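Peer 1: no sequence for this one, just the structure:
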């Protein structure tokens, strides 16, 4: 009996070890490729489908030079790149997918601790930043939450497990319940994730896929860092300036018919705008961040980027959504009103930027030509105009 158990145990270890080393889908040791050096100009860091974008971005900051200009935002900012700026300008894109205010804070706090704060900051603001249900669901920042907590130290606020309140104020019953729910969920998600990872190592599909990779490539792994010329059309990669190269299929210009269909589909269930409830705490957090940035001497420009027009029109027609975009805009303006060294660029309409509808990647994201027009529109005055590349003046 003991021999049988020993044989089973050895078999499990061999199978698990083999799958772990091959790592199909880059789920384990390659799932979060941390930076160990800065990338060269022509290098791209290929990201697997399942990876912790936030931890990777924080690790990248440790190897960059102090940026002169920093961009923050969600995936809607990630096509802003250094080639749009003068060659002497040190640029970094700190954008992350589905980023909310806590993500902005984590990037900013990291740069403060590294003594790399920029002199100018541009923040792309999405409407869902001010929606309670979106902020409760978008908790990827928890993995870099220690930076967020350190940011709030000494600022007269209480921040724990996503609950934000002024110091000295008593938590409402709702906040207490959310704190309990979020802390339990975070612990449960961590334990469940570890259990799923362990079971996946021993699963037949993973063993089958690992065997295919081994027979095709041996024990060598796909390189995480490649030259731009080596990128496959299906790859998504991060550049040394923090910006992203999307898969070719996503950046191919689309017809108006295709984009209109995308707009109808997305408007049926608008991402992160559902169950709209104004998040006053988000406005306060953004206000604190802006104050902290300008306290270092940084100049800040807040930008409202565009959506595909038909999408906005259809969302505004939905019952319960008619005031979503206008409410978000009103809250945003209150976050920075009367704050010195904080400017604003209203770039919500494609016509204002002289962009065509077909210069959108989808209903949320601009293609590079429209991104360049936005920069030309928003950064052509005062302390910002000299930053752009000659072609955008």
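Peer 2: It's in. Here the structure is a predicted model, which means the values were calculated and not measured.

Peer 1: Not including adjacent chain positions, what is the nearest residue to residue 379?
Peer 2: Counting by C-beta to C-beta, 6 or more residues apart in numbering, residue 379 lies nearest to residue 388, which is 5.8 Å off, once chain neighbours are set aside. From N, CA and C alone the C-beta is placed, and that goes for glycine too.

Peer 1: Surely the one you found is in contact with residue 88?
Peer 2: No: Residue 388 is not in contact with residue 88 according to C-beta atoms under 8 Å; the separation is 11.8 Å.

Peer 1: More neighbours: which of the two?
Peer 2: Higher neighbour count among residue 388 and residue 88: residue 388, with 18 against 8, using other C-beta atoms under 10 Å.

Peer 1: how near is the more buried one to residue 326?
Peer 2: Applying C-beta to C-beta, to the nearest Å, the value for residue 388 to residue 326 is 31 Å.

Peer 1: Repeat that for residue 343.
Peer 2: Between residue 343 and residue 326 the distance is 21 Å, computed by C-beta to C-beta.

Peer 1: Now do the strands in the chain.
Peer 2: 43-46, 69-72, 91-93, 120-124, 157-160, 163-166, 225-227, 237-238, 244-245, 299-304, 342-346 (DSSP state E).

Peer 1: Point out where the stretch 1-150 of the chain drops to low pLDDT.
Peer 2: For the stretch 1-150 of the chain, the stretches with pLDDT under 70 are 1-2, 4, 15-16, 18-33, 48-51.

Peer 1: any idea where the helices of it begin and end?
Peer 2: Using DSSP state H, counting those that start in this stretch, the helices found in the stretch 1-150 of the chain span residues 2-22, 53-61, 101-113, 132-137, 145-152.

Peer 1: wait, which of the ones you listed is closest to residue 299?
Peer 2: helix 101-113 (14.2 Å; C-beta to C-beta).

Peer 1: Show me what the closest one packs onto, helices and strands only.
Peer 2: On a contact count with 3 or more C-beta pairs under 8 Å, 6 or more residues apart in numbering; DSSP states H and E, helix 101-113 meets helix 53-61, strand 69-72, helix 145-152, helix 280-295.

Peer 1: Highest mean neighbour count out of those?
Peer 2: Of all the helices and strands packed on helix 101-113, strand 69-72 has the most neighbours on average by mean count of other C-beta atoms under 10 Å, namely a mean of 26.

Peer 1: could you say what helices and strands that one packs with?
Peer 2: So strand 69-72, by 3+ C-beta pairs under 8 Å, 6+ apart, packs with strand 91-93, helix 101-113, strand 120-124.

Peer 1: try 6 Å this time
Peer 2: Counting contacts by 3 or more C-beta pairs under 6 Å, 6 or more residues apart in numbering; DSSP states H and E, strand 69-72 packs against strand 91-93, strand 120-124.

Peer 1: list the helices and strands the last one packs on?
Peer 2: Under the contact criterion of 3+ C-beta pairs under 6 Å, 6+ apart, the helices and strands touching strand 120-124 comprise strand 69-72, strand 299-304.

Peer 1: swap the cut-off to 10 Å and go again
Peer 2: strand 69-72, helix 101-113, helix 280-295, strand 299-304, strand 342-346, helix 368-378 (3 or more C-beta pairs under 10 Å, 6 or more residues apart in numbering; DSSP states H and E).

Peer 1: Relative to residue 106, how far out is residue 148?
Peer 2: Computed as C-beta to C-beta, the residue 148 to residue 106 distance reads 5 Å.

Peer 1: do residue 309 as well
Peer 2: In this view, residue 309 and residue 106 are 33 Å apart by C-beta to C-beta.

Peer 1: now do residue 69
Peer 2: Taking C-beta to C-beta, one finds residue 69 at 19 Å from residue 106.

Peer 1: What of residue 264?
Peer 2: From residue 264 to residue 106 the distance is 35 Å (C-beta to C-beta).

Peer 1: who has more neighbours, the two?
Peer 2: Using other C-beta under 10 Å, the more surrounded residue of residue 264 and residue 106 is residue 106, with 27 against 13.

Peer 1: wait, that one sits on residue 143?
Peer 2: Yes: between residue 106 and residue 143 a contact is recorded at 9.3 Å, counting by C-beta atoms under 10 Å.

Peer 1: rewinding a little: list residues touching both of residue 148 and residue 106?
Peer 2: Shared contacts of residue 148 and residue 106, defined by C-beta atoms under 10 Å, 6 or more residues apart in numbering, are found at residue 141.

Peer 1: Identify the residues contacting the most centrally placed residue in the chain.
Peer 2: Residue closest to the mean C-alpha point of the chain, counted by C-alpha atoms, centre = their mean, is residue 96 at 1.5 Å. Counting by C-beta under 10 Å, 6+ apart, residue 96 touches 53-54, 56-58, 72-75, 77-78, 103-104, 106-107, 140-141, 144, 242.

Peer 1: what do you get if the cut-off is 7 Å, keeping everything else the same?
Peer 2: Residues near residue 96 by C-beta atoms under 7 Å, 6 or more residues apart in numbering: 53, 54, 57, 74, 103.

Peer 1: which residue sits closest to the second one in space, ignoring its chain neighbours?
Peer 2: Put plainly, it is residue 54. Residue 54's closest residue in space is residue 144 (C-beta to C-beta, 6+ apart), at 4.9 Å.

Peer 1: ditto for the last one
Peer 2: Spatial nearest neighbour of residue 103, chain neighbours left out: residue 141 (4.9 Å); criterion: C-beta to C-beta, 6+ apart.

Peer 1: just the first one next, same as before
Peer 2: Here the nearest residue to residue 53 in space, its sequence neighbours aside, is residue 96; by C-beta to C-beta, 6+ apart that works out to 5.4 Å.

Peer 1: quick one on the thing from earlier: would you turn the helices and strands packed on strand 69-72 into JSON lines with distance to residue 62 and mean neighbour count?
Peer 2: JSON lines is the format used below for the helices and strands packed on strand 69-72 (distance: least, C-beta to C-beta, whole Å; neighbours: other C-beta atoms under 10 Å):
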{"stretch": "strand 91-93", "distance to residue 62": "12", "mean neighbour count": "24"}
{"stretch": "strand 120-124", "distance to residue 62": "19", "mean neighbour count": "25"}
